[in-house]
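[1] Make a model of this:
(one chain, ligands or ions: 1)
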Amino acid sequence: MEFQWNRSEVLGLAREACAHCHGLGMRHGDEGSSEPCNCVLRKVFTSCFRKFRACAEKASHLPVARIENVANGCDNRQSWGMKSEEYMADFYLVTKRNLDAFEFQLFRFHFLLGADWKLCCRRLKLDRGRFFHSVYRIEQKLGRIFRELQPYALFPLDEYFGGAVEGWREPTRKVVEMRFGPRGGRALRAPLKKVA
Ligand SMILES: [Zn+2]
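    Have a look, this model is predicted:
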């Protein structure tokens with residue numbers, strides 16, 4: 001079933017000063033359109049990315065390189081029990097799967113490694129306009145996917161995290177086990193039994 005954006009949800013996410021939606025969150029155009037404005041999509045991305053960074057900072061024993069190794073199939077099998085680790089893996093894998101090679105390279109430099117626009121432009125041979133245009137495109141693309149993802153969207157974050165207080169593990173409704181094939185195959189998502 002096609003995902004339907006909810007008007008009150010986008011209203012809460014829209015940027016008040018947005019020149020396109022004027023803070024209403026819906027895209028201009030057709031009456032009754034349920035397409036969210038780009039400012040809403042970018043807000044979803046930014047919230048998810050902030051959470052990813054917060055998780056990464058806490059789990060300093062699990063740096064991005066480790067997630068990359070697992071995602072690239074260097075580990076044949078890895079269980080991700082902790083919610084924040086699961087979130088980081090989800091965020092990373094969904095991103096990697098949905099961006100093209102150029103977009104992912106830019107995502108990695110700019111968002112994961114923290115390179116500013118000047119460094120990215122030099123490294124990727126871009127001009128300033130193309131850099132910002134591409135960053136916006138990446139944010140909008142991922143924001144939409146993070147919200148529309150089935151069966152478990154990454155956003156809203158409190159739903160993803162099941163209302164759990166940080167650091168406290170509730171019996172989770174979904175424990176996801178990820179398996180990675182020898183050639184870095186796709187991650188499998190399997191709802192398992194409840195754990196205490
Ligand atoms: Zn807007």
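
[2] Quick check: residues of the protein near the ion?
    Contacts of the chain with the ion, taken as CB under 5 Å from the ion, map to 18, 20, 21, 37, 39. The C-beta positions use only the backbone N, C-alpha and C, and glycine is treated the same way.

[3] and with 6 Å instead?
    Applying CB under 6 Å from the ion, we find that the chain lies next to the ion at 14, 15, 18, 20, 21, 37, 39.

[4] what's the neighbour count on the closest residue to the fourth one other than its chain neighbours?
    Sequence neighbours aside, residue 37 is the residue nearest to residue 20 in space, at 5.4 Å (criterion: CB to CB, 6 or more residues apart in numbering). Burial of residue 37 is recorded as 25 neighbouring residues (other CB atoms under 10 Å).

[5] measure residue 37 to residue 93 for me?
    27 Å (CB to CB, to the nearest Å).

[6] now residue 153
    Per CB to CB, residue 153 is found 14 Å from residue 93.

[7] All the helices of this structure, residue numbers only.
    Per DSSP state H, the chain carries helices over the ranges 7-13, 38-58, 64-71, 83-98, 101-107, 117-124, 128-148, 157-160.

[8] From the contact counts, what lies against the fifth one?
    Which is helix 101-107. Applying 3 or more CB pairs under 8 Å, 6 or more residues apart in numbering; DSSP states H and E, one finds that helix 101-107 contacts helix 83-98, helix 117-124, helix 128-148.

[9] And the ones you listed: which comes nearest residue 51?
    Set against residue 51 and scored by CB to CB, the helices and strands packed on helix 101-107 come closest in helix 83-98, at 6.8 Å.

[10] Just want the angle from the closest one to helix 38-58.
    Using axes from the mean of the first three to the mean of the last three CA atoms, to 10 degrees, the inter-axis angle of helix 83-98 relative to helix 38-58 is 130 degrees.

[11] Mind checking the pLDDT average for helix 83-98?
    For helix 83-98, mean pLDDT rounds to 92.

[12] I'd like to know which elements that helix is packed against.
    helix 38-58, helix 64-71, helix 101-107, helix 128-148.

[13] hmm, try it at 7 Å
    In terms of contacts (3 or more CB pairs under 7 Å, 6 or more residues apart in numbering; DSSP states H and E), helix 83-98 is packed against helix 38-58, helix 64-71, helix 128-148.

[14] Now do the buried residues in it.
    Neighbour counts over helix 83-98 (16 or more other CB atoms under 10 Å) mark 83-95, 98 as buried.
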